[in-house]
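Chemist: model the structure of this input:
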Amino acid sequence: MAYTDFIAAIDLGTSHMVGMVGTKNATGALSIIAYEVENSGTCIRRGCVYNIDETAMRIKRLVNKLENKLNGTKIGKVYVGLAGQSLCSIEHSVSKLLGVSGVVTDELLDSLRQECCKYQSDDMRDVLVAVSPVYFLDNKQVANPVGLSCSRIEARYRLIVGRPSLKRNLIYSVERAKLEIAGLIVSSLALADSVLTDTDKAKGCALIEFGAGVTTLVVYKEGKLLGLSVVPFGGNVITKDIESLGLSTQEAERLKQTYGSAVTDRTNDHVQITSSIGFGAAVTQKELNNVVEARTKEIVENVFACLERMVQTAGMLGAGVVIAGGGANLQRLPDLIKEIFKLEVRYASVSRNSVESGDLVTNDSLFAVALSILMKGEVNCAVTPEPVFVPEQPDQVEEKSETSVVTPEPEVKEPQAKTSIGKDTRKGGTKSREDSFWDKLRRKRENLMGGLFDEENI
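Modeler: Next up is the predicted model:
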């Protein structure tokens, strides 16, 4: 069966690109049709597109893998996630005077949001999205202002901003892959909407996404976004530190995933770890985890410093901390976070009510961001085949087998004058014959005389 209506999403991560295709039912629940993974190589650095051409090539390869599972249907558009170390949140407000008889409408609120999105920060960062508005009517905070009268309205938004190159390079890469952009989604906000409940956001919650290139913190309180901040360190710096023990990048990554721990286990201090290929440097688990713990602690402490700039005390977050991302799989990471944040910690999970089919991707942190972007999609991303124009054929009249006989109309003869048969007619006929005789005789005589005249001249 060929698919004609689906949503396609791509998560451009520092270590991997993840593509996913799915459909939504009437209730908005997703059914996953296809998903694929492509190595990012070195074209994505700290969540940002670094090499446009290489990124475009890998996106195209990823899309081709997905299309092989779509029974011949092509992908024409994609939703793409926005991430990177330049992302941050700022607060900005706009206001409008309405006069004595002013009434707040949906159109007015939309115009305020659009005006807010035109804001230019001092460092000239692009406004990517405006979220979590708080409204004040005549200096009084109102949750639902539509329909209320006031003389002045103020809207305070949380703006997610980033360097212009973040958005620009991403657009160039997708366009060079011969695809249209159905929408640009801030990845960390999409992830928060898919793994945090309304209760989490109301009580207060911190979502920490541990990526390969960066670590992103998103904080909610009273249902509103308090802030978004990015620490420019991720799992890759831990791997680099392990390499300093004399290991290759591949071996360092393998040891981190297999034996690495955010908190050193003193009982395994003298366990020796050797290379998977049987030779090369050998390290003890104590040496390995001393490196892993030191760098992981540094990352978590930087995240906590970002949190302290957003809230007065971490204790305000009644729903604790939720961790996500590939780096969250590091052993005993929740223990380290709990020790520093003094909050309960749990792993992120997508609500089963949000995904109708696709248990594998909902339980794997590798696919969490792509799945979250897919949930935000609304536009059909399938290529719709152009209708084939078939010219209309003129109606053919069947020829009859019998030959039709056309009867000619009778010829109408002009009436002739009546001729009386009598003496005058006969005389006319005699005279005609006589004229003919004399004419002949005269012509003969003229010829004869002409000949004589000619001979005399000679």
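
Chemist: strands along the stretch 151-300 of the chain, start to end?
Modeler: Secondary structure of the stretch 151-300 of the chain (DSSP state E, counting those that start in this stretch): strands at 152-162, 180-186, 205-210, 215-221, 224-231, 272-273, 283-284.

Chemist: elements contacting the second one?
Modeler: Under the contact criterion of 3 or more C-beta pairs under 8 Å, 6 or more residues apart in numbering; DSSP states H and E, strand 180-186 touches strand 7-12, strand 77-82, strand 126-137, helix 164-176, helix 368-376. Glycine gets a C-beta too; all of them are placed from N, C-alpha and C.

Chemist: can I get the ones you listed in JSON lines including distance to residue 70, mean pLDDT and mean neighbour count?
Modeler: Below are these laid out as JSON lines (distance: least, C-beta to C-beta, whole Å; pLDDT from 0 to 100; neighbours: other C-beta atoms under 10 Å):
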{"stretch": "strand 7-12", "distance to residue 70": "9", "mean pLDDT": "98", "mean neighbour count": "28"}
{"stretch": "strand 77-82", "distance to residue 70": "13", "mean pLDDT": "98", "mean neighbour count": "24"}
{"stretch": "strand 126-137", "distance to residue 70": "30", "mean pLDDT": "96", "mean neighbour count": "18"}
{"stretch": "helix 164-176", "distance to residue 70": "19", "mean pLDDT": "96", "mean neighbour count": "18"}
{"stretch": "helix 368-376", "distance to residue 70": "15", "mean pLDDT": "95", "mean neighbour count": "27"}
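
Chemist: reformat the ones you listed as a markdown table; add distance to residue 391.
Modeler: Compiled in a markdown table, the helices and strands packed on strand 180-186 are given as follows (distance: least, C-beta to C-beta, whole Å):
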| stretch | distance to residue 391 |
| --- | --- |
| strand 7-12 | 35 |
| strand 77-82 | 32 |
| strand 126-137 | 49 |
| helix 164-176 | 36 |
| helix 368-376 | 42 |
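
Chemist: can you say which of the strands of the stretch 151-300 of the chain is packed in most?
Modeler: Most buried of the strands of the stretch 151-300 of the chain, by mean neighbour count (mean count of other C-beta atoms under 10 Å): strand 205-210, with a mean of 27.

Chemist: roughly how far is that strand from the heart of the chain?
Modeler: 25 Å (C-alpha atoms, centre = their mean, to the nearest Å).

Chemist: can you list contacts of that strand?
Modeler: Contacts with strand 205-210, where a contact means C-beta atoms under 8 Å, 6 or more residues apart in numbering, come from 188, 191-192, 195-196, 215-220, 234-235, 299, 303, 307, 314, 317-328, 330, 333, 337, 341, 343, 348, 369.

Chemist: so which of these belong to helices?
Modeler: Here DSSP state H is the test, and the contacts of strand 205-210 give 188, 191-192, 195, 235, 299, 303, 307, 333, 337, 341, 369 as lying in helices.

Chemist: which stretches of the stretch 1-150 of the chain form helices?
Modeler: For the stretch 1-150 of the chain, the helices defined by DSSP state H, counting those that start in this stretch occupy 52-67, 106-117.

Chemist: grab the nearest non-local neighbour of residue 170.
Modeler: Nearest residue to residue 170 in three dimensions, chain neighbours excluded: residue 49, at 5.3 Å (C-beta to C-beta, 6 or more residues apart in numbering).

Chemist: please apply the same query to residue 179.
Modeler: Spatial nearest neighbour of residue 179, chain neighbours left out: residue 78 (5.5 Å); criterion: C-beta to C-beta, 6+ apart.

Chemist: that neighbour contacts residue 185, doesn't it?
Modeler: No. At 10.7 Å, residue 78 does not count as touching residue 185 under the criterion of C-beta atoms under 8 Å.

Chemist: what sits in contact with each of those two?
Modeler: Counting by C-beta under 8 Å, 6+ apart, the residues touching both residue 78 and residue 185 are residue 9.

Chemist: verify the stated contact: the residue nearest to residue 170 with residue 12.
Modeler: Yes. Residue 49 lies in contact with residue 12 (C-beta under 8 Å); the separation is 6.9 Å.

Chemist: now do the shared contacts for those two.
Modeler: Common neighbours of residue 49 and residue 12 are listed as 55, 170 (criterion: C-beta under 8 Å, 6+ apart).

Chemist: now do stretch 30-41: everything it contacts.
Modeler: Applying C-beta under 8 Å, 6+ apart, the external contacts of stretch 30-41 come out as 3, 6, 12-25, 54, 58-59, 61-62, 65-66, 69-70, 354-358, 361, 366-367, 370-371, 374-375.

Chemist: run the chain-centre distance for it.
Modeler: With C-alpha atoms, centre = their mean, you get 14 Å for stretch 30-41.

Chemist: average pLDDT across that stretch?
Modeler: Computed over stretch 30-41, the mean pLDDT rounds to 94.

Chemist: now, of the contacts of strand 205-210, which are buried?
Modeler: 188, 191-192, 195-196, 215-220, 234-235, 299, 303, 307, 314, 317, 319-328, 330, 333, 337, 341, 343, 348, 369 (16 or more other C-beta atoms under 10 Å).

Chemist: ok, and the closest non-adjacent residue to residue 289?
Modeler: Closest residue in space to residue 289, ignoring its immediate chain neighbours: residue 264 at 4.4 Å, by C-beta to C-beta, 6+ apart.

Chemist: quickly list the domain ranges of the protein.
Modeler: Using the TED database, the domains assigned to the chain come out as 7-86+164-236+292-376, 88-162.

Chemist: ok, residue 130 touching residue 155?
Modeler: No. Using C-beta under 8 Å, residue 130 is not in contact with residue 155, being 9.1 Å away.

Chemist: tell me, what's touching these two both at once?
Modeler: Shared contacts of residue 130 and residue 155 (C-beta under 8 Å, 6+ apart): 113, 116.

Chemist: surely residue 137 and residue 102 touch.
Modeler: No. Applying C-beta under 8 Å as the test, residue 137 and residue 102 come out as separate, 9.4 Å apart.

Chemist: where do the contact lists of the two overlap?
Modeler: Common neighbours of residue 137 and residue 102 (C-beta under 8 Å, 6+ apart) are 150, 153.

Chemist: mind showing which ranges of the chain have poor pLDDT?
Modeler: Along the chain, segments meeting pLDDT under 70 span 1-2, 266-271, 274-281, 358-360, 386-390, 393-458.

Chemist: now do the contacts for residue 218.
Modeler: Contacts for residue 218 (C-beta under 8 Å, 6+ apart) come out as 188-189, 191-192, 206-207, 209, 225, 227-228.

Chemist: go through those residues and name the one nearest residue 120.
Modeler: Residue 120 lies nearest to residue 228 out of those, by C-beta to C-beta, at 19.1 Å.

Chemist: spatially nearest residue to the closest one, not counting backbone neighbours?
Modeler: residue 89 is the one closest to residue 228 (C-beta to C-beta, 6+ apart), at 4.2 Å.

Chemist: contacting residues for that neighbour?
Modeler: 158-161, 225, 227-229.

Chemist: returning to what we had before: the residue nearest to residue 170 pairs with what?
Modeler: Note on residue 49: beta-bridge partners by DSSP bridges are residue 44.
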